[in-house]
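have a look at this prediction, sequence included:
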Amino acid sequence: MMNKKIPLRQCVGCREMKEKKNLIRVVKTPTGEYLLDATGKANGRGAYLCRNEECLNRAISGHGLEKSFHEAISKEVYDALKAEFKTIEE
């Protein structure tokens, strides 16, 4: 019997490979907006984060999201992501 392949993604905060379903996707939509996508199916370019705020803070301080999206990200976007992240954690 063949085992089903489990998709892995790398967290941009801690840089660990984890199962895709255990991560939260940060999406840059075609309109240039940044969103958290808990379903993992939203349209746009994505980067993945663990489901804890520490990895989000590491991604901010280490510029992990900026490297993934190949552009500078403003402080307002990071603040909005932090606020949205807290609602998903709860």
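Arrived safely. As the structure is a prediction and not an experimental result, all values here were calculated from the model.

mean confidence for the biggest helix by length in the chain?
Counting by DSSP state H, the longest helix found in the chain is helix 75-89. Mean pLDDT, computed over helix 75-89, is 86.

count the neighbours of Thr87 for me.
Look at Thr87: counted by other CB atoms under 10 Å, it has 9 neighbours. The way it works is simple: take the backbone N, C-alpha and C, and place the C-beta from them, glycine included.

how near is it to Val77?
Applying CB to CB, to the nearest Å, the value for Thr87 to Val77 is 16 Å.

how about residues contacting stretch 59-77?
Stretch 59-77 has contacts (CB atoms under 8 Å, 6 or more residues apart in numbering) with Cys11, Val12, Gly13, Arg15, Val26, Lys28, Tyr34, Arg45, Ala47, Leu49, Arg58, Tyr78.

put together JSON lines for the residues you listed, with distance to Ala72 and neighbour count on each row.
As requested, these are exported to JSON lines (distance: CB to CB, whole Å; neighbours: other CB atoms under 10 Å):
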{"residue": "Cys11", "distance to Ala72": "21", "neighbour count": "23"}
{"residue": "Val12", "distance to Ala72": "15", "neighbour count": "25"}
{"residue": "Gly13", "distance to Ala72": "18", "neighbour count": "23"}
{"residue": "Arg15", "distance to Ala72": "21", "neighbour count": "12"}
{"residue": "Val26", "distance to Ala72": "15", "neighbour count": "28"}
{"residue": "Lys28", "distance to Ala72": "12", "neighbour count": "21"}
{"residue": "Tyr34", "distance to Ala72": "12", "neighbour count": "20"}
{"residue": "Arg45", "distance to Ala72": "15", "neighbour count": "13"}
{"residue": "Ala47", "distance to Ala72": "15", "neighbour count": "23"}
{"residue": "Leu49", "distance to Ala72": "18", "neighbour count": "25"}
{"residue": "Arg58", "distance to Ala72": "18", "neighbour count": "18"}
{"residue": "Tyr78", "distance to Ala72": "11", "neighbour count": "16"}
